[in-house]
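Undergrad: The sequence and its predicted three-dimensional model are supplied below.
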Amino acid sequence: MTHPLDPRSIPKYVNQVEVPSVFKPTIVRDPSTNEELSHNYTVFITAFKQQLLPPGFPETFVWGYEGIIEDGSCFSSTPGPTFEAVRGIPINVQWVNNLTDPHFLPVDPTLHWANPNNIPTPEPPFQPFPPGYPLAQSPVPVTTHLHGGEVRSDSDGGPDSWFTAGEEKTGPAFIQSRYTYPNQQEPTTLWYHAHALGITRLNVFAGLAGFYLLRDPNNIIEPLLPSGPFEIPIVIQDRSFNKDGSLLFPNIGVNPDAHPYWVNDFLGDVIMVNGKVWPNLNVERRQYRIRFNNGSNSRFYNLKLSNGQSFMQIGSDGGFLRCPVELTEILIAPAERADVLIDFSKQDPGTKIIITNDAFAPFPGGDRPDPETTGQIMQFTVLDTPSEKPVILPPILNEIPQLIPDVPKQTLTLNVVREETDPGPIELLLDGQKWASPISELPQVGSTVDWVLANITAATHPIHVHLIQFQLVSRQLFDAERYLADWESLNGKPPLQHPTIPLDVEDYLIGKPIEPDLNEQGWKDTVRANPNEVTILRLRFTPQNVETGGSKPGLNQFPFDPTFGPGYVWHCHILDHEDNEMMRPMKVVSGPIIDNNPQTCCEVVVEGNTQLIPPALNNATISSSNQIFAEIEKVCPEKVIINGFIQKTITYTAVLDNGVEEENIITDDFPFQCIINREDANEDDSFTITGSSVLCEVFAKTQNFGTHPVTNEQVAYKFVGKDIIKICIRKS
Ligand SMILES: [Cu+2]
């Protein structure tokens, strides 16, 4: 039983703002030059109690991060201690999952989620939580994503890279738990947080988030800015509590016939800043640098100072803005950051200024926040100190490269799936596709592409793309209703069982494109895509610091291979949406992309291929009929690389150690990239699939590579004669 704590019963501004501690690295130096080669850390993901509510209220059981901090002690907190990163010096983090007790929040096993015990999706009637589904509650899968980081995909903490305590169970994309962050990008406010498939909302809500401040010793603006005690990172998170101090997360879904516990927009009734409910910050009469981060699951904030005072925004998600922007209010969606200067030098000692919030929740169609509770964030109290004049910044803070598209644009939709009679949505989708559908976002390294996002839902979705910082081009009203109708007559109702046929937005646009807000005209990794609007993002798959015109399709300038590893994702950063299908894989490819629209499919019977395939085989050859090449010839006579997917049924036989054969059928879709050198190809060539081959995917789908899922015996697989593989080829 829950006994909710009335938010109005919590005294405000009794708590004081705490700046998170800073992790202390082990510094690895070059023995001959003493140059710093890397900063290394071990960070434990762990459970403990922390005083979130004001003194006198009970402590709260939370999850957070633990490691050695600057005073040399081992410390755990939520938000976790801050990483202080230096541009040019890589950071290595050994992430350790120490969560050995079951999850304390309601894991909804009807979502497509990490599911470490591989339990079948429960059918209604569902069990109430608690106890929920014990095999879903334990063990707890976690992985950690550095939000905004330019990193190789095996250090990206993607949703399938999770691992349980002791790494006893690992996700299909798990490669390692020691991550490397190159820190080559521009100095900015990054943050790290939990990212495991289908339970990110619960793990972040439980406390798994922290700051990662990247600084550049060669930057000319940073030394001018308030620093030390005058630079305050602020993460805003809404929470709800029980009277016993425990966190309260809904355990009845908005659509409980489909998902027993999942809600589409978690909204707390209490505001927490840096792990303290409604805190106060005593400030001197001078300028402060506040690095805001919205770390909430789904709540947007429109922040104002209660005395009407303006402030200066100097940075966005990915670094300094080109010019400082003076604002009296700032709207931040989940995961957006804003680097802001606030000047208290003209305030009288004793002045109290509250940061207020009037963003509708859910945004933008929901309710206005209660001015007595979620309408207030935190308070500043001005101390009796000598007034210090604020620093005057140069008019140009940052030279931001202009991005020039050099490949065709991609039109993508944001969809909601609901039944007429249902009280809430069933799921949310990107481009009508589920998370597990074949990869359709395959940007070529070095290319610059416009993503045209047509939002055909009623909500604003903060869209986040991993690996890169991008730029917002424009937003424009469009006839979303007519577009939705036409899109559905073209594609059918989502979720689609076939590749999306894109519908150009051109004929639906209304009025003129709207320029990004002044404080959005910089590097972004998370952008608001509003309802009834088309939002255009310009993505360049090149490191941030490459200047205008310095990139080209096929040229990799990252200090790592972005095509390596399990790949990246893009998703809505409303965590409740992200957890229920509003996320898609994204794989950076090296070769030219032919088109994103599969045009031709042919069915190929894999004949007579009954050899045993050893489990560890990475490359495999399927001898095929000539049909494949005939089809390729028709659509792309010259091209050498084809991105496609193999659809539907693959039958294989598992041969157990004792010789017993078991027939299995996998009905799923497998993305693949096949490299065919047309110049050398003969009609009777075999068809080679390399890299993350379809066969590897088959093995991965059996959960344990080379191990029988039930008996744990080592097994080999063979394809049987009747396999039908459908190959879709993208038109040149
Ligand atoms: Cu969303």
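TA: Okay, I see it.
Undergrad: isn't there a helix covering residue 205?
TA: Yes - assignment of residue 205 by DSSP: H, G, I helix; E, B strand; the rest coil places it within a helix.
Undergrad: so how far is the longest helix that the chain contains off the chain centroid?
TA: Determined from DSSP state H, the single longest helix within the chain is helix 480-491. Its chain's average C-alpha position is 28 Å from that of helix 480-491, according to C-alpha atoms, centre = their mean, to the nearest Å.
Undergrad: next SSE after that helix?
TA: On the C-terminal side of helix 480-491, the nearest following helix or strand under DSSP states H and E is strand 526-529.
Undergrad: Please state the offset of that following strand from the chain centre?
TA: 12 Å.
Undergrad: Paired strands for the helix or strand following it, with orientation please.
TA: Counting by DSSP H and E, the next helix or strand C-terminal to strand 526-529 is strand 533-540. Using DSSP bridges, the strands paired with strand 533-540 in its sheet are strand 448-455 (antiparallel), strand 471-477 (antiparallel).
Undergrad: quick one: average confidence on the last one?
TA: Just to be clear, that refers to strand 471-477. For strand 471-477, mean pLDDT rounds to 98.
Undergrad: going forward, begin numbering at 15 instead of 1
TA: Sounds good: first residue 15 from here, last item strand 485-491.
Undergrad: how far is that strand from where the chain is centred?
TA: 21 Å.
Undergrad: What residues does the protein have near the ion?
TA: 475, 586, 588, 591 (C-beta under 5 Å from the ion). (Each C-beta comes from the backbone N, C-alpha and C, glycine too.)
Undergrad: isn't residue 156 right next to residue 220, touching?
TA: No - contact criterion C-beta atoms under 8 Å: residue 156 and residue 220 do not qualify, at 9.9 Å.
Undergrad: quick one: which of the two has more around it?
TA: Neighbours per residue (other C-beta atoms under 10 Å) separate residue 156 from residue 220, with residue 156 holding more: 28 against 24.
Undergrad: Quickly list what that one is bridged to.
TA: Applying DSSP bridges, one finds that residue 156 bridges with residue 177.
Undergrad: any idea of the pLDDT on it?
TA: With respect to pLDDT, residue 156 has a value of 98.
Undergrad: In contact with the residue nearest to residue 527 when sequence neighbours are not counted, which residues are there?
TA: Nearest non-adjacent residue to residue 527, counting by C-beta to C-beta, 6 or more residues apart in numbering: residue 488, 3.8 Å away. Residues in contact with residue 488 (C-beta atoms under 8 Å, 6 or more residues apart in numbering) are 527, 528, 529, 530, 549, 550.
Undergrad: Pick the one among those closest to the ion.
TA: Each of these was scored against the ion by C-beta to the ion, and residue 549 proved nearest at 12.6 Å.
Undergrad: mind checking which of the strands paired with strand 547-554 is nearest residue 27?
TA: Of all those, it is strand 485-491 that lies closest to residue 27, at 35.5 Å by C-beta to C-beta.
Undergrad: thinking again about what came up before, which of the strands paired with strand 547-554 sits closest to residue 225?
TA: strand 485-491 (23.6 Å).
Undergrad: burial measure for the residue in the stretch 315-464 of the chain positioned nearest to the ion, as a count.
TA: Evaluated by C-beta to the ion, the stretch 315-464 of the chain has residue 442 as its residue closest to the ion, separated by 5.6 Å. Residues lying near residue 442 (other C-beta under 10 Å) number 26.
Undergrad: now do residue 34
TA: When neighbours are counted by other C-beta under 10 Å, residue 34 comes out with 21.
Undergrad: Equivalent analysis for residue 277, please.
TA: 22.
Undergrad: got a list of what it touches?
TA: By C-beta under 8 Å, 6+ apart, residue 277 lies in contact with 264, 267, 268, 438, 590.
Undergrad: Work out for me the element it sits within.
TA: Using DSSP H and E, residue 277 falls within no helix or strand.
Undergrad: Spell out the secondary structure type for residue 590.
TA: Strictly by three-state DSSP, residue 590 counts as helix.
Undergrad: what's the burial count for it?
TA: 26.
Undergrad: Quick check: longest strand in this structure by residues?
TA: strand 50-64 (DSSP state E).
Undergrad: Wait, the residue of the stretch 315-464 of the chain closest to the ion touches residue 596, no?
TA: Yes - counting by C-beta under 8 Å, residue 442 does reach residue 596; the two are 4.0 Å apart.
Undergrad: who touches both of those two?
TA: The contact sets of residue 442 and residue 596 overlap at 428, 475, 586 (C-beta under 8 Å, 6+ apart).
Undergrad: where along the stretch 365-514 of the chain do the strands fall?
TA: Secondary structure of the stretch 365-514 of the chain by DSSP state E, counting those that start in this stretch: the strands cover 366-371, 390-396, 424-431, 441-444, 462-469, 475-479, 485-491.
Undergrad: Now do the shortest one: distance to the chain's middle.
TA: Offset of strand 441-444 from its chain centre (C-alpha atoms, centre = their mean): 15 Å.
Undergrad: Show me the contact partners of it.
TA: Against strand 441-444 from outside (C-beta under 8 Å, 6+ apart): 278, 426-431, 448, 471, 475, 508-509, 584-586, 591, 594-598.
Undergrad: likewise the first one?
TA: Strand 366-371 is touched from outside by 27, 285, 315-321, 323, 358, 361, 383, 385, 388-396, with contacts defined as C-beta under 8 Å, 6+ apart.
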